[in-house]
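*Asks:* can't give you the sequence, but here's the structure:
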């Protein structure tokens with residue numbers, strides 16, 4: 001699903017960026033351009049980012 005219409009950023013791209021090391025909204029904005037135009041997507045992007053953090057934690061726990 002598209003999260004940022006202005007820059008055509010999807011939830012999958014946000015998840016990939018988080019899994020690749022993007023650890024903040026600033027990092028996502030720099031890497032993907034999310035929330036850099038109108039800003040309406042910021043809350044949704046933040047939610048997806050936090051979900052991706054949760055996924056990483058679950059993967060880490062499963063690997064341990």
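*Replies:* Received the coordinates, thanks. Just so we're clear, the structure is a prediction, and the values are computed from it rather than from any experiment. Numbers count the residues shown, from 1 in each chain.
*Asks:* so which residues of the chain form strands?
*Replies:* Using DSSP state E, the strands of the chain run over 2-4, 9-10.
*Asks:* who's in contact with the residue nearest in space to the middle of the chain?
*Replies:* Centroid check for the chain by Cα atoms, centre = their mean gives residue 14 as the closest residue, at 3.1 Å. Taking Cβ atoms under 8 Å, 6 or more residues apart in numbering as the criterion, residue 14 is in contact with 3, 28, 32, 34, 45, 48, 49, 52. Quick note: C-beta positions are derived from backbone N, CA and C, even for glycine.
*Asks:* let me know the closest of those residues to residue 19.
*Replies:* Here the nearest of those to residue 19, counting by Cβ to Cβ, is residue 52; it sits at 6.5 Å.
*Asks:* would you agree residue 8 is in contact with residue 2?
*Replies:* Yes. Using Cβ atoms under 8 Å, residue 8 makes contact with residue 2 at a distance of 6.6 Å.
*Asks:* wait, residue 19 touches residue 56, no?
*Replies:* Yes. Counting by Cβ under 8 Å, residue 19 does reach residue 56; the two are 6.5 Å apart.
*Asks:* helices and strands of the chain: which one bottoms out on pLDDT?
*Replies:* helix 42-63 (a mean of 94; mean pLDDT, DSSP states H and E).
*Asks:* which ones are touching residue 35?
*Replies:* Shown in contact with residue 35 (Cβ under 8 Å, 6+ apart): 4, 25, 28, 29, 41, 42, 45.
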